[in-house]
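# the sequence isn't on hand, but the structure is:
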Ligand code: PEP
């Protein structure tokens with residue numbers, strides 16, 4: 001089944017609002033005619049508005065890097081789903097390994113965030129992936145099993161029709177070590193069959209699975225050539241418009 005490629009940039013804790021606006025405008029111009037691929041950037045919360053303006057009228061969509069599951073209330077420092085919707089977000093990254101490692105994110109909180117995103121028509125990008133020691137101990141599939149089954153507990157087939165999963169081996173994030181195309185394909189195929197077992201072949205067939213971990217202009221094409229790799233979640237190489245645009249235009 002042909003799935004529309006989806007290239008997303010995660011700017012993490014980089015760029016002030018004026019810096020983000022500048023990069024967003026450059027990117028919007030560079031990918032203005034990218035009609036065959038979905039593109040998203042997720043800046044910091046303080047730069048959402050500036051980036052929204054910078055990408056207006058372009059194929060680039062806006063995403064957030066996280067959300068809190070309550071709609072409003074006494075939750076100092078948190079951002080709610082309606083706030084992201086009002087800021088123009090279409091997507092939200094959930095369960096990034098940096099949030100799991102540094103900010104106490106668990107499969108249970110991931111589950112609540114996905115529920116909240118779906119309740120407000122935000123498309124969740126669920127991040128999963130094993131650490132280096134887990135891979136060495138041959139626990140990759142069992143780790144992914146747990147992250148996906150617990151993260152998606154309680155959702156119906158219909159809930160998940162737009163879900164995106166990003167496979168991001170922790171050992172490949174920001175390290176310059178990319179999974180080989182064969183390693184990525186093996187895990188993506190596993191995730192697709194798991195979703196087929198948990199839900200239905202129709203969802204498995206339409207599910208977009210991004211690869212993340214040191215994706216660059218030089219390795220995107222070979223990754224995208226793999227049957228079950230439908231896109232990329234890009235950190236470092238998304239920070240510069242020219243570089244990221246080359247990843248977005250991997251097919252040119
Ligand atoms: C990420 O943080 O999602 C990521 C994949 O980072 P990088 O591309 O820098 O490895």
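Nice, I can see it. What you see is a predicted model; the values in this text were computed from it and never measured.
# quick check on residue 39: phi, psi?
Main-chain torsions, residue 39, degrees, to the nearest 10: phi -130, psi 140.
# ok, now residue 9?
On the backbone of residue 9 - angles per degrees, to the nearest 10 - the values are phi -110, psi 130.
# cool, residue 176 as well?
As for residue 176, its main-chain torsions (degrees, to the nearest 10) stand at phi 80, psi -10.
# now for it: which residues touch it?
Contacts for residue 176 were tallied using Cβ atoms under 8 Å, 6 or more residues apart in numbering; they are residue 214. Glycine gets a C-beta too; all of them are placed from N, C-alpha and C.
# where does the chain have low pLDDT?
Across the chain, the stretches falling below the confidence threshold (pLDDT under 70) are 1.
# tell me the residue in it that is farthest from the middle.
When each C-alpha in the chain is compared with the mean C-alpha position (Cα atoms, centre = their mean), residue 74 comes out farthest, at 28.3 Å.
# doesn't that residue lie inside a helix?
No: applying DSSP: H, G, I helix; E, B strand; the rest coil, one finds residue 74 to be coil, outside a helix.
# how near is it to residue 149?
Going from residue 74 to residue 149 by Cβ to Cβ, to the nearest Å gives 33 Å.
# please apply the same query to residue 79.
To residue 149, residue 79 is 27 Å away according to Cβ to Cβ.
# these two: which has the busier surroundings?
Under the neighbour definition other Cβ atoms under 10 Å, residue 79 and residue 149 were set side by side, and residue 79 has more, 18 against 12.
# residue 82 and residue 71 touch, don't they?
Yes: contact between residue 82 and residue 71 holds when scored by Cβ atoms under 8 Å: they sit 6.0 Å apart.
# more neighbours: which of the two?
Just comparing residue 82 and residue 71: by other Cβ under 10 Å the higher neighbour count belongs to residue 82, 15 against 12.
# all good on my end, thank you.
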